[in-house]
Structures are given as structure tokens and as C-alpha cells.
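1. fold the following.
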Amino acid sequence: MPISFDDFLAVDIRVGRILTAEPNAKAHKPCYVLTVDFGPELGVKTSSAQLTVHYTTDELVGRQVVAVVNFEPKRVAGIKSEVLVLGVPDAEGAVVLLEPRHDVPLGGRLF
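-> Got it, this is the predicted structure:
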């Protein structure tokens, strides 16, 4: 179903840097609780992400990621998930992160 360009612009997708990544013991499916810094305009946000197949917590800290920052917060396995970190499935359905190939300013908006 086609959408208008204005519909696309309504989705606020920004670049952030993962500050912390911890396993969420309360989750039914393995996932991490991430804190992500989106720069001075948006600050630090929390996200729940099913990234355990391809990434360890140590590999995630310091990475730049792309996330939707204007969804309503959602409770996921006991945590308030404020942003949706974006990824695509590999051949088996495990999440592979979308991330800039070069370091970019935090809070940069996808266009």
C-alpha cells in the first residue's frame, strides 16, 4: 500500500549511540535492554531489542544505531521501551542492526 511522503516524514528516525546493553532476565524471548544516546536534543532513551543471536553486550556498547524515536513508549518485559532500534532479518530471521557505515552526529535524522 503506497504512502505519501508526508506519512514518511511523520516517522522520526534518528542516529544514536548505544551506551549500555544488558540482558533482560524478565523477557520470554532473549533480548537486551539498551540505553541509547541521541544527542542533546533528544537525550538518552531506553529500548528493548532482540539482538542476542548476532551481538554480545560488549559488541553493542559504542555502536551507532538507527531508531524510530517518536513511537509511544511501550512496556516490554518490565521495561519502558522508548525507541525502536531498527534492523532487518538474516536468512534465519535473527535481527541484523541497521547502522551508519561512518560515524555521524548523534541525533541526525534519516531523510
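2. max-length helix in this protein?
-> helix 5-10 (DSSP state H).
3. and the next helix or strand past that one?
-> Per DSSP states H and E, the first helix or strand lying C-terminal to helix 5-10 is strand 13-23.
4. give the buried residues for that following strand.
-> For strand 13-23, the buried set under the neighbour-count rule, 16 or more other C-beta atoms under 10 Å, comprises I13, R14, V15, G16, R17, I18, A21. For glycine as for every other residue, the C-beta is placed from the backbone atoms N, C-alpha and C.
5. okay, the residues you listed in JSON lines with pLDDT and distance to N70 next?
-> Output for the buried residues of strand 13-23, formatted as JSON lines (pLDDT from 0 to 100; distance: C-beta to C-beta, whole Å):
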{"residue": "I13", "pLDDT": "98", "distance to N70": "9"}
{"residue": "R14", "pLDDT": "98", "distance to N70": "9"}
{"residue": "V15", "pLDDT": "98", "distance to N70": "14"}
{"residue": "G16", "pLDDT": "98", "distance to N70": "13"}
{"residue": "R17", "pLDDT": "98", "distance to N70": "19"}
{"residue": "I18", "pLDDT": "98", "distance to N70": "19"}
{"residue": "A21", "pLDDT": "98", "distance to N70": "23"}
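6. can you redo those as a markdown table with distance to R101?
-> Converted to a markdown table, these look like this (distance: C-beta to C-beta, whole Å):
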| residue | distance to R101 |
| --- | --- |
| I13 | 16 |
| R14 | 17 |
| V15 | 12 |
| G16 | 16 |
| R17 | 15 |
| I18 | 16 |
| A21 | 21 |
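7. what about the longest helix of the chain, average pLDDT?
-> Averaging pLDDT along helix 5-10 gives 95.
8. contacts for that helix, please.
-> N70 (C-beta atoms under 8 Å, 6 or more residues apart in numbering).
9. tell me which other helices or strands the helix or strand of the chain with the lowest mean pLDDT touches.
-> Here the helix or strand of the chain ranked lowest by mean pLDDT, DSSP states H and E is strand 74-76, holding a mean of 92. Packing partners of strand 74-76 (3 or more C-beta pairs under 8 Å, 6 or more residues apart in numbering; DSSP states H and E): strand 79-81.
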